[in-house]
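>>> Please find the sequence and the predicted model below.
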Amino acid sequence: MNFSIKKYTVIAASLLFLGGCKSDFLDRTNPNLPIEETYWRIESDAQSAMATIYSPIRSQMSGYYGAYGGYQTMNRADDMWFLSGEEAFTWEYINFLNSAGTPESDFGSLYNGINRANVFLKNIPRVSMDENRKKELIGEANFLRGMYYFLLAANYGDVPLRLLPTDDDPDGASKPSAAEAEVWKQVVADFKIAKDNLPVTRSAAEAGRITKGAAIAYLGKALVYSKQYAEAEAELKTLLTAPYTYDLTANFEDNFKETTKLNKESVWEIVYDSKFGGDGNWGVDCASCAMGFVLPNFAGPDGTGAWFKLMPGAAVVRDFISEERPVGSDTRFDKRMYTSFFWKYSDYETGLTDGAWFGNQSFDLMWSNAGPKRQRGEPTFPAIDGKTGRFLIKKYTNFYRNISGANSMYDAANRNNNLRVFRFAEVLLLHAEACAKNGNTAGAASSLKRVRDRAGLANKTWANADELMKEVIKQNELEFFFEGHRFFDLKRWYTPAQMKQIFVDNKKQGANNFQPKHYYLPIPEAEINTNSKIQQHPLWR
C-alpha cells in the first residue's frame, strides 16, 4: 500500500486515531468543534482517512498478516510444523488447546478496520472532490470492510454486523452476533459495490491499492466459500480475459522476491517499506510503527539472522514428491518445491548444483545450525531413495539475498519485500473449484492445466468432476504452502470428523485434540466481557 504507508499514515493517525484536528494560522473554524464537523472537507482529508482503514492489516508483528499473531494463527494446518518452546499462544492454537482467553486474537483489530470504514462511508459524501474519484474511494472502503468481515466470518463464524460508526449504532458497544450466513451476505454485498466502483488499473504511485480485479477476485472467493458456485464461476471467469492482464509468472520464485514485486501474477499485495516508521512499537497500529516486512525473521533457519520458529510439515513434502516431473526434465520434482523448501539437491537427484545461501551457507550447515531447536521435536520427513528427508522453509525468507544475516529484521535492508495476499494462481484454482462443482469439467481442467504447467508437471486428464476436485485439493496444498490457505481450504471441503482424520493421518501436531469447535476461533474473552449482548460461538459454549 504505497499510498497509505508511505504518504498518509502519519497524518491520518494524528487526525483520526487520536482525534486531533489539523489547523491553519488563518483558519477561523472553531478548533473545539467535533472533528467530523471540521475534517471532511477536501480530497486529502479523505485520502488520509482511507489510510487508517488499510492500517490494521499491515502491523509489523500482530496484525492479521503480521508475522507474530495473525500469520502464525492462519498457518495452523498440517502443512506447517511449529517448534516447541516458542510463544505459548502459538503452541495453544496449533495444538488445538486454545480457549477464549488465549492471547493474540485479531478480533479487535479487524473491527477497528471495520469501524474506520464505517466512519469513512458516513462522511465521504461531505467531501468536496471529483465525483468519479469519490466513487472509487467509496468502492475502496467497501472492499476493505468486506475483507475484514471475510476474515471474521472465515475465522470466527457468527460475529456482530456493524455497518454504522460505533457512536451512531443504536446498539452502541453492545451488539449481538449475526449468523455466519448473514455475515457472508454482507461480504458479498461489499465486494459487489467495490467491483462496481474501483478502477481496473492504478498508477505506480498507488501501487498496492485495491483495484477492480482484486475486488472481483475476493468476490469470487467469498462466493466459493459460501458455496454459490455458479455465480463464483462467472465472476472469476472475467479475470481470465481483457481488460485484465493477470497471468502466472514463468518463474514461481518471482512471487516471493523483493526484486520481482507487483508482477503480473499479483492481484493484491501488501507493500512494505522499511524507510518509514521506526523499529519499535511492535504489534501496535500507530503512525510511527515500523512498516517493514518481518516474516523472514520468524521463518528463516537458525544462523541466518532469523529466530527459526517453523518447519514444513511432513505431509506437504510427501505430497510434493508424490508426482515427479517427466523423464528428461531439468529437475526431478515439482518446480515449486525448489522455492518452498531449502534442501540439499544432491541428496535426492543428480544434475543440479547444491545451493548456498546467506553468505554461501550450505544446506548441511543450515541443517546443523537448526539442530538444537529441532531436537525439541521435528517432523519425520519421508525418505527419498532410502535417504532421510531434510527440509527447511525457504518461501518468504530472504533467500534471494546471499548475505549473512539476511533474514534479520534488525537490518532495514531485509524488510522490503511485499506479502502477496492474492495471486492469480488462486484465481485459477478457485475458478477450477467452482467449475468442478458446477459440472464444467472443461473449464476446471483448463485452469488446473495452467497451474500444473507452471509447476513443470506432465499433461493430465480427469474422468469426472470428483477427480478434478481431488486435483484442486492437491494443487492448493502445494501452490500455497505457508501462505495461510490450507486450514480454510480443508474446512471448506471436509466435515470436522474428516478434517480431524486428515490431521491424524498427516501426523499434524495436536491432531487428536481437534474437535468440531476448532473449525472456528472462539470470540475472545475481552469481547465477551465488554459486549453484554454477544454470545460465544455455539460450538464453543
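Sure, I can see it. Residues are numbered from 1 along each chain as shown.
>>> Quick check: chain neighbours aside, which residue is closest to the residue nearest the centre of the chain?
With distances taken as CA atoms, centre = their mean, the residue of the chain nearest its centroid is Val421 (4.6 Å). Excluding the flanking residues, the one nearest Val421 by CB to CB, 6 or more residues apart in numbering is Trp268, at 5.1 Å. No exception for glycine: its C-beta is placed from N, CA and C like everyone else's.
>>> so what's that neighbour bridging to?
Beta-bridge pairing for Trp268 (DSSP bridges): Phe422.
>>> Quickly note the distance from it to Asp364.
Going from Trp268 to Asp364 by CB to CB, to the nearest Å gives 38 Å.
>>> who's more crowded, these two?
Trp268 (21 against 12; other CB atoms under 10 Å).
>>> Go ahead and confirm Phe422 touches Ala217.
Yes - Phe422 is within contact range of Ala217, at 5.5 Å (criterion: CB atoms under 8 Å).
>>> The two: which has the busier surroundings?
Ranked by neighbour count (other CB under 10 Å), Phe422 and Ala217 place Ala217 first, with 28 against 19.
>>> what helix or strand does that one sit in?
Here Ala217, judged by DSSP states H and E, is contained in helix 212-225.
>>> How many residues are close by Gly355?
The number of residues packed near Gly355 is 18, by other CB under 10 Å.
>>> so who does it touch?
Residues in contact with Gly355 (CB atoms under 8 Å, 6 or more residues apart in numbering) are Phe342, Tyr345, Phe363.
>>> Likewise for Asn155?
Per CB under 8 Å, 6+ apart, neighbours of Asn155: Asp106, Tyr520, Leu521.
>>> about what we covered before: how far does the helix holding Ala217 sit from the chain's center?
Helix 212-225 sits 14 Å away from the centroid of its parent chain (CA atoms, centre = their mean, to the nearest Å).
>>> State the next helix or strand along the chain beyond the least confident helix or strand in the chain by mean pLDDT.
Taking mean pLDDT, DSSP states H and E as the measure, the helix or strand of the chain with the lowest value is helix 9-12, at a mean of 42. Using DSSP H and E, the next helix or strand after helix 9-12 towards the C-terminus is helix 35-38.
>>> Which strands and helices lie in contact with that next one?
On a contact count with 3 or more CB pairs under 8 Å, 6 or more residues apart in numbering; DSSP states H and E, helix 35-38 meets no helix or strand.
>>> Quick check: the gap between the closest residue to Ala49 other than its chain neighbours and Ile114.
Excluding the flanking residues, the one nearest Ala49 by CB to CB, 6+ apart is Phe120, at 5.2 Å. Using CB to CB, one gets 11 Å for the distance from Phe120 to Ile114.
>>> picking up where we left off before, quick one: common contacting residues for Phe422 and Ala217?
The contact sets of Phe422 and Ala217 overlap at Val267, Trp268 (CB under 8 Å, 6+ apart).
>>> Can you add neighbour count and secondary structure and give the contacts of Gly355 back as CSV?
Output for these, formatted as CSV (neighbours: other CB atoms under 10 Å; DSSP: H, G, I helix; E, B strand; the rest coil):
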residue, neighbour count, secondary structure
Phe342, 25, strand
Tyr345, 17, helix
Phe363, 22, helix
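>>> pLDDT wise, what is Tyr8 at?
At Tyr8, the pLDDT value in this model is 42.
>>> Leaving out chain neighbours, which residue sits closest to Gly305?
Ser408 (3.0 Å).
>>> count of neighbours near the nearest residue to Asp347 once chain neighbours are set aside?
Using CB to CB, 6+ apart and skipping the chain neighbours, the partner closest in space to Asp347 is Lys387 (5.3 Å). By other CB under 10 Å, 10 other residues sit near Lys387.
>>> Is Lys387 in contact with Tyr345, as I believe?
No - under the criterion of CB under 8 Å, Lys387 is not in contact with Tyr345, lying 11.9 Å apart.
>>> follow-up on the earlier one: does the residue nearest to Ala49 touch Gln47 like I think?
No - taking contacts as CB under 8 Å, Phe120 lies outside contact range of Gln47: 10.6 Å.
>>> Pick the one among the contacts of Asn155 closest to Glu433.
Of all those, Glu433 sits closest to Tyr520, with 21.7 Å by CB to CB.
>>> what's the closest residue to that closest one other than its chain neighbours in contact with, if anything?
Leaving aside its sequence neighbours, Tyr520 sits nearest to Gly157 (CB to CB, 6+ apart; 4.6 Å). Listed by CB under 8 Å, 6+ apart, the contact set of Gly157 reads Glu180, Val183, Tyr519, Tyr520, His537, Leu539.
>>> In JSON lines, list these along with distance to Pro301 and neighbour count.
Output for the contacts of Gly157, formatted as JSON lines (distance: CB to CB, whole Å; neighbours: other CB atoms under 10 Å):
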{"residue": "Glu180", "distance to Pro301": "39", "neighbour count": "18"}
{"residue": "Val183", "distance to Pro301": "40", "neighbour count": "23"}
{"residue": "Tyr519", "distance to Pro301": "33", "neighbour count": "19"}
{"residue": "Tyr520", "distance to Pro301": "33", "neighbour count": "20"}
{"residue": "His537", "distance to Pro301": "37", "neighbour count": "20"}
{"residue": "Leu539", "distance to Pro301": "37", "neighbour count": "15"}
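>>> Now for these: which two are most distant?
Val183 and Leu539 (15.6 Å).
>>> picking up where we left off before, name the helices or strands packed onto the helix holding Ala217?
helix 131-156, helix 180-197, helix 229-237, strand 266-270, strand 419-423, helix 424-438, helix 486-493.
>>> One more pass at 6 Å, please.
helix 180-197, helix 229-237, strand 266-270, helix 424-438 (3 or more CB pairs under 6 Å, 6 or more residues apart in numbering; DSSP states H and E).
>>> Can you tell me which of the ones you listed is most buried?
Here the criterion is mean neighbour count by mean count of other CB atoms under 10 Å, and of those the winner is helix 424-438, at a mean of 26.
>>> for the protein, which spans come out with low pLDDT?
Within the chain, the ranges that satisfy pLDDT under 70 run 1-34, 60, 280-283.
>>> How are the strands of the stretch 201-350 of the chain distributed by residue range?
Per DSSP state E, counting those that start in this stretch, the stretch 201-350 of the chain carries strands over the ranges 266-270, 310-312, 341-342.
>>> Reformat these into TSV and put distance to Trp40 next to each item.
Below are the strands of the stretch 201-350 of the chain laid out as TSV (distance: least, CB to CB, whole Å):
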stretch	distance to Trp40
strand 266-270	27
strand 310-312	44
strand 341-342	50
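>>> And those strands: which comes nearest Ile42?
strand 266-270 (27.5 Å).
>>> still on that earlier bit, which of Phe120 and Gln47 has more neighbours?
When Phe120 and Gln47 are compared for neighbours, Phe120 comes out ahead with 25 against 19, by other CB under 10 Å.
>>> Just the element for the more buried one, please.
helix 107-123.
>>> How about exporting that helix as PDB, limited to the C-alpha atoms?
What follows is helix 107-123, C-alpha atoms only, in PDB (Å, rounded to 0.1, in the frame of the first residue of the first chain):
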ATOM      1  CA  PHE A 107     -10.800  -9.900  16.500                       C
ATOM      2  CA  GLY A 108     -10.400  -6.400  17.800                       C
ATOM      3  CA  SER A 109      -8.100  -5.100  15.100                       C
ATOM      4  CA  LEU A 110     -10.400  -6.400  12.400                       C
ATOM      5  CA  TYR A 111     -13.300  -4.400  14.000                       C
ATOM      6  CA  ASN A 112     -11.000  -1.300  14.200                       C
ATOM      7  CA  GLY A 113     -10.700  -1.500  10.400                       C
ATOM      8  CA  ILE A 114     -14.500  -2.000  10.000                       C
ATOM      9  CA  ASN A 115     -15.300   1.000  12.200                       C
ATOM     10  CA  ARG A 116     -12.900   3.200  10.300                       C
ATOM     11  CA  ALA A 117     -14.600   2.100   7.000                       C
ATOM     12  CA  ASN A 118     -18.000   2.900   8.500                       C
ATOM     13  CA  VAL A 119     -16.800   6.400   9.600                       C
ATOM     14  CA  PHE A 120     -15.400   6.900   6.100                       C
ATOM     15  CA  LEU A 121     -18.600   5.800   4.300                       C
ATOM     16  CA  LYS A 122     -20.700   8.100   6.600                       C
ATOM     17  CA  ASN A 123     -18.600  11.200   5.900                       C
END
